[in-house]
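Colleague: following is a predicted model, sequence given first.
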There are 2 protein chains.
Amino acid sequence: MNIGKFTTIICLLAFVAINVVIISSSVADDSQPKVGYGRGGRMSGSSKSARSDEPIQPISINYDYNRAKVELGKKLFFEPRLSKSGWITCNSCHNLSTGGADNLPSSIGHKWFLGPINSPTVLNAKFNLAQFWDGRAKDLKEQAGGPIANPLEMGSNHELAVSVLQSIPEYVQWFSEIYGLEEMYGGEEINIDQVTDAIAAFEETLITPNSRFDLWLKDYDDSISDSEKEGYYLFKEKGCIACHNGVGVGGSSYQKFGMAKPYDKDTHTLGRYNVTKSEKDKYIFKVPLLRNIELTAPYFHDASTWDLSEAVNIMAEYQLGSKLTDDETGKIVEFLRTLTGDQPSVIFPILPPSTSTTPEPNRN
Amino acid sequence: MNIGKFTTIICLLAFVAINVVIISSSVADDSQPKVGYGRGGRMSGSSKSARSDEPIQPISINYDYNRAKVELGKKLFFEPRLSKSGWITCNSCHNLSTGGADNLPSSIGHKWFLGPINSPTVLNAKFNLAQFWDGRAKDLKEQAGGPIANPLEMGSNHELAVSVLQSIPEYVQWFSEIYGLEEMYGGEEINIDQVTDAIAAFEETLITPNSRFDLWLKDYDDSISDSEKEGYYLFKEKGCIACHNGVGVGGSSYQKFGMAKPYDKDTHTLGRYNVTKSEKDKYIFKVPLLRNIELTAPYFHDASTWDLSEAVNIMAEYQLGSKLTDDETGKIVEFLRTLTGDQPSVIFPILPPSTSTTPEPNRN
C-alpha cells in the first residue's frame, strides 16, 4: 500500500469516526440541562445579567446532591407501603406527572377520606419559608412526616412505617450505607428521622429551571413575547409582586387572604391561626409559589376556582382592591404561563419486595 | 506540511476519535439490555442453545416498536384523568415499582371499593393466551378498556374518559399523529379503540428479560446455583411444568383450581364459568405467569397466602395431589426466584394540563 492510499483510508476513517462522535455527543446533549442553547442570548454564567435586580430571580441548578440519599428518597416518595393501606404514596397527592400536585380540590386519602385543604405542589417547595398552607412544618423534612401519620391521608403511623422498611433487607442496607453502618448494625434501627430526611433530600431536587421567564431574566430577550412582558410589567405595577417574588415567585411570606376585602368564600379555614392560636393570624396563609401555576389548578387553599384568569381576578379584588380589565388579566395570565419550567425527569423506581416479617397492608 | 506529518496527524486524530467512539459506545451500552456480559457463557445469537428444548423458553427482546405509540400509551397508563376521580391510574393496580401488581389481596378502586379478585401483574402479560383470571378479554387491548369503566375500579366510562383526552390539545395532537391526521381533523375524534390500542402498545413493552434462569437457558451455566437447578428439576418432575411452561412460565392454558382435590378456601369465585356459563368451567382459571413471582405476593386469585413456600405447597396438594418435603419446597422456591428479570425502566411521564373544557374530576 502506498502512502497516498494509506492517507486516504486514514482520512476516511477519521471522517467517519469524527462524525460518529459529533452525532453521539449531540444525542448525549439531550440529557443535559438545556440552558438557552440556540436562543441567541447570553450564556448563563457568572457575569451579571442586566435583569439581576428584578424582584423575581431565576432558579439555579445545583448538582451537589448526595446521590445515594436522593435515590433512597425517591424510592420512599413512591413507596406505597409507607401508607396503612399499602396503596397511597407521597406521589399520590404530589404527582410528578401533573405539576407536583393532584389537581383535585382536596386530596383523596386513606379510605377515600377527603383532605381538608388543596394539596400544594412539591415542585420548588424548597423555596417556601415553611411547609403546609399554614406553615406548621419548618422545612421539607418536617413536612414529610405529616401525611404518613395523618389518618385522612396515608393513615399509617411512624412506628408502623419504619417497621415496614426495617423488614426489608434492601432498605436496611440502603439506610445503613447512608446514615452510618456501625450505628445500624450495632443495634440501632431505621428511624423516622432518616426516612423524612431522605424524602426531603429527593424533594430538594424537584426544581423546575429553564422556564421561558427565567431565560428572559438571563437576558435571552426573545424567550418571552411582548405581550407576556407586558403581563410581567402589569404584575409588578398592580402590586402582585409585593407577595409573589423571589426565586419561587411566592413562598417567602405569610399574608391574609382578604387584605383589601374580607374573603367570604371560605371562612372556616383559619390558616396560620391553627399554629399560633393568635387572633391576628386568622385567615393568614403562606403565599403560594406561582412557578408552573398553569399546571396546578384548582387554585387557592380552598380550590375555589379552576380558571387561572378568575384566580388572577380574585387576587386583584381581595388582595389589592382593584379590578383588572380583561386585557390586563389576559396579559398577566400570559406572563404566568412563562413560569413553567423543565419538569423533573424521574426514572420510576423499582422497589424491593416485602418479606415474611413485613406488616401486611390494611385497607381499613 | 509534508505527507508524513499529515499522515501522523490524521493517524492521531483517528486514534483519538476512535477511542472516543469506543468509550461513548460502551457508555451507551449501559442502556442496552445486558445479555450475559462477562458471565463466561455463550453470547445470545442465532446459534442453537443446548437448552433450547427445555419446556421454558427465555424472553426475547424486541425493539421493533412504534415508539410514538408506546410513549402515548405510557402517558395513558399513568393518566389519572382516565378515572372518574381523577386520581386512579392503570399503574395504581399494576404498579411498575412493585412487580406490575399492587401487592394487595384485591385492588382498591373508586370510592375505596374492594375489587373482587387479586390483580394480576401487567409484566409479561402479553404472554397470556387471554387477559383477566377468567380470560374474558382476548388481548391486552380488550383488557385495557375494562378497568376504566368498571365502577369498582376507575369508575369512569369510555365516553367520559375519551372526552377528557379530547379536551386537551396535546393529546389530540398525539392521537392524530399516530392514528391519522386527516380523519381526526376532518371531524373524527379520539375514540376508546385508539386509547386501549396505545395502552396495549405500551404494555407490550413491559417484559422482564435477562432473569438468571433465562441466562441459564442460554447456556450461561453459572447463572443459577446447583440447588436452584435442583429446584427446576423438581419443578419438572413433580409436574408443575405441565401448566407452567413456555415463555411466560404459565399463561398458556386454563386449568381447574382443585384438580387433585377440591379447592375449599374460595368456592364463590367461579372463574371461566362467568364467561362461558358452562358448568364444566366452574373454578377454572387462566394459569398465572410465574415470571417475577417473588415480587407479586399475595398469591392466587383469592390471595390466600403471602408466602411463596405455602403457595408452592398449596399447588402441590390441590393440583398435583402430592406432598412436598420442606427441602423440595425450598428448592422449588429457590428456582422460582431465578425467574425475576430486569424490571422495565420507565421515565415517569409528564402529562399535559387540563383545559377549561376538561370534565372536572368527581370523587363521588
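Modeller: Looks like it came in fine. These figures come from a predicted structure and were not determined experimentally.

Colleague: so how far is A:K286 from A:K138?
Modeller: 12 Å (Cβ to Cβ, to the nearest Å). C-beta here means a position set from N, CA and C on the backbone, and glycine is covered the same way.

Colleague: tell me, what's touching those two both at once?
Modeller: By Cβ atoms under 8 Å, 6 or more residues apart in numbering or on different chains, A:K138 and A:K286 have these common neighbours: A:A130.

Colleague: which one of those two has more residues nearby?
Modeller: A:K286 (24 against 11; other Cβ atoms under 10 Å in any protein chain shown).

Colleague: ok, that one to A:A137 distance?
Modeller: Counting by Cβ to Cβ, the gap from A:K286 to A:A137 is 11 Å.

Colleague: before we move on, what about A:D264?
Modeller: A:D264 is 29 Å from A:A137, by Cβ to Cβ.

Colleague: cool, A:G145 as well?
Modeller: 8 Å.

Colleague: could you find the closest non-adjacent residue to A:D307?
Modeller: B:S356 (6.3 Å; Cβ to Cβ, 6 or more residues apart in numbering or on different chains).

Colleague: quick check, A:I192 in contact with A:L160.
Modeller: No - counting by Cβ atoms under 8 Å, A:I192 stays clear of A:L160, with 10.5 Å between them.

Colleague: spatially nearest residue to the residue nearest in space to the middle of chain A, not counting backbone neighbours?
Modeller: Taking Cα atoms, centre = their mean, the centroid of chain A lies closest to A:L123, which sits 0.6 Å from it. Using Cβ to Cβ, 6+ apart and skipping the chain neighbours, the partner closest in space to A:L123 is A:G100 (3.6 Å).

Colleague: any idea whether the one you found is helix, strand or coil?
Modeller: coil (DSSP: H, G, I helix; E, B strand; the rest coil).

Colleague: is it true that it touches A:E203?
Modeller: No - A:G100 is beyond contact range of A:E203, at 9.3 Å (criterion: Cβ under 8 Å).

Colleague: hey, C-alpha coordinates of stretch A:336-353 in PDB?
Modeller: In PDB, the C-alpha atoms belonging to stretch A:336-353 read as follows (Å, rounded to 0.1, in the frame of the first residue of the first chain):
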ATOM      1  CA  LEU A 336     -47.800  33.400  34.500                       C
ATOM      2  CA  ARG A 337     -47.600  30.700  31.800                       C
ATOM      3  CA  THR A 338     -44.000  31.700  31.100                       C
ATOM      4  CA  LEU A 339     -43.200  30.400  34.600                       C
ATOM      5  CA  THR A 340     -43.500  26.800  33.600                       C
ATOM      6  CA  GLY A 341     -40.000  25.200  33.700                       C
ATOM      7  CA  ASP A 342     -38.500  21.900  32.900                       C
ATOM      8  CA  GLN A 343     -40.400  19.300  34.900                       C
ATOM      9  CA  PRO A 344     -38.200  16.800  36.800                       C
ATOM     10  CA  SER A 345     -37.200  13.800  34.800                       C
ATOM     11  CA  VAL A 346     -37.600  10.800  37.100                       C
ATOM     12  CA  ILE A 347     -36.900   7.200  36.400                       C
ATOM     13  CA  PHE A 348     -39.800   5.300  38.100                       C
ATOM     14  CA  PRO A 349     -38.100   3.400  41.000                       C
ATOM     15  CA  ILE A 350     -38.100  -0.300  41.400                       C
ATOM     16  CA  LEU A 351     -39.000  -1.200  45.000                       C
ATOM     17  CA  PRO A 352     -37.700  -4.300  46.900                       C
ATOM     18  CA  PRO A 353     -40.300  -6.900  47.800                       C
END
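
Colleague: buried sites along it?
Modeller: Neighbour-count burial for stretch A:336-353, counted by 16 or more other Cβ atoms under 10 Å in any protein chain shown, picks out A:336-344, A:346, A:348-353.

Colleague: swap in stretch A:128-139?
Modeller: A:N128, A:A130, A:Q131, A:F132, A:W133, A:D134, A:G135, A:R136, A:A137, A:D139.

Colleague: quick check, nearest of those to A:A242?
Modeller: A:N128 (17.3 Å; Cβ to Cβ).

Colleague: list the contacts for the closest one?
Modeller: With Cβ under 8 Å, 6+ apart, A:N128 has these contacts: A:G248, A:G251, A:S252, A:K286, A:L289.

Colleague: residues near the closest residue to chain B within the stretch 101-250 of chain A, how many?
Modeller: Residue nearest to chain B within the stretch 101-250 of chain A (Cβ to the nearest Cβ): A:W112, separated by 3.9 Å. Around A:W112 there are 16 other residues, counting by other Cβ under 10 Å.

Colleague: wouldn't it be in contact with B:I88 here?
Modeller: No - contact criterion Cβ under 8 Å: A:W112 and B:I88 do not qualify, at 10.9 Å.

Colleague: okay, now A:D226: neighbour count?
Modeller: 8.

Colleague: go on, A:D307?
Modeller: Neighbour number of A:D307 under other Cβ under 10 Å is 14.

Colleague: that one and B:T355 touch, don't they?
Modeller: No - taking contacts as Cβ under 8 Å, A:D307 lies outside contact range of B:T355: 10.1 Å.

Colleague: what distance do you get for A:S356 to B:E294?
Modeller: Counting by Cβ to Cβ, the gap from A:S356 to B:E294 is 12 Å.

Colleague: so what sits against both of those two?
Modeller: Counting by Cβ under 8 Å, 6+ apart, nothing touches both A:S356 and B:E294.

Colleague: and the pLDDT at A:E189?
Modeller: pLDDT, A:E189: 88.

Colleague: residues contacting it?
Modeller: Contacts of A:E189 (Cβ under 8 Å, 6+ apart): A:V162, A:Q166.

Colleague: give me the element it is part of.
Modeller: Here A:E189 sits in a region with no helix or strand, counting by DSSP states H and E.
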